[in-house]
Structures are given as structure tokens and as C-alpha cells.
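Student: Here's my sequence, what's the structure:
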Amino acid sequence: MSWLPTLITATPEEGFNLAIKLSRMAVKTTQPDDEIRAKLRAVYEQDADALTAASHVVAVNFQTVAAANRYWQTQSD
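Tutor: Coordinates of the predicted model:
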């Protein structure tokens, strides 16, 4: 079974959580070594610019999920 069977979510909050998951999976796919990711985390968790960049990636993924959900069915009609 796929870890991403759909982009459809019931609520915006679920959509945001999915956006975070998408972002984390992209990092894990790009750097599959757990130890290296842990070492890098120690660096970027203290870097405001890196944290802002990470937030931007989540925001872009959230836009994608919102579009897939047709902005939560046009805000529940």
C-alpha cells in the first residue's frame, strides 16, 4: 500500500498535517540516512533562515493539498 493514497482530506487541519508529511517524506527521500539527517537537524534547528525555508516548503505543499481539496469544497459551500 502506498504511503500517499490520496491528497483528499476532510478538513484544512488534516490537509496541513498532510503537507507536513509530504515535506518530511521529501527530506527522507532526498537523504535516506537516518544518522546524517539527525546530524543535519542539529544544524538547521538553530538557523532561523533554514526554519523559514522549511516553513515555506510546508506552505507550498499545503497549497497543493488545498487545491486538490478544491479549497475544502469551496469552504463548505
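Student: surely V27 meets R37?
Tutor: Yes. Assessed by Cβ atoms under 8 Å, V27 is found in contact with R37 at 6.9 Å. From N, CA and C alone the C-beta is placed, and that goes for glycine too.
Student: Give me the below-cutoff pLDDT ranges for the chain.
Tutor: Residue ranges of the chain with pLDDT under 70: 72-77.
Student: so who does the most centrally placed residue in it touch?
Tutor: Taking Cα atoms, centre = their mean, the centroid of the chain lies closest to I20, which sits 2.6 Å from it. Going by Cβ atoms under 8 Å, 6 or more residues apart in numbering, I20 touches 58, 61.
Student: How about Q46?
Tutor: With contact set as Cβ under 8 Å, 6+ apart, Q46 has no partners.
Student: got it, and Q31?
Tutor: With Cβ under 8 Å, 6+ apart as the criterion, the residues that contact Q31 are 37, 40.
Student: before we move on, back to that, please identify the helix or strand for the residue nearest to the centre of the chain.
Tutor: helix 12-30 (DSSP states H and E).
Student: And that helix, how far out from the chain middle?
Tutor: Relative to its chain's centre, helix 12-30 lies at 2 Å (Cα atoms, centre = their mean, to the nearest Å).
Student: With just CA atoms, put the helix or strand following that helix into PDB.
Tutor: Later in the chain than helix 12-30, the nearest helix or strand by DSSP H and E is helix 34-44. The C-alpha coordinates for helix 34-44 follow below in PDB (Å, rounded to 0.1, in the frame of the first residue of the first chain):
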ATOM      1  CA  ASP A  34      18.800   8.500   9.500                       C
ATOM      2  CA  GLU A  35      22.200   9.400  11.100                       C
ATOM      3  CA  ILE A  36      23.000  12.100   8.600                       C
ATOM      4  CA  ARG A  37      19.500  13.600   8.900                       C
ATOM      5  CA  ALA A  38      19.900  13.700  12.700                       C
ATOM      6  CA  LYS A  39      23.300  15.400  12.400                       C
ATOM      7  CA  LEU A  40      21.900  18.000   9.900                       C
ATOM      8  CA  ARG A  41      18.900  18.600  12.100                       C
ATOM      9  CA  ALA A  42      21.200  19.800  14.900                       C
ATOM     10  CA  VAL A  43      22.500  22.400  12.500                       C
ATOM     11  CA  TYR A  44      19.200  23.700  10.900                       C
END
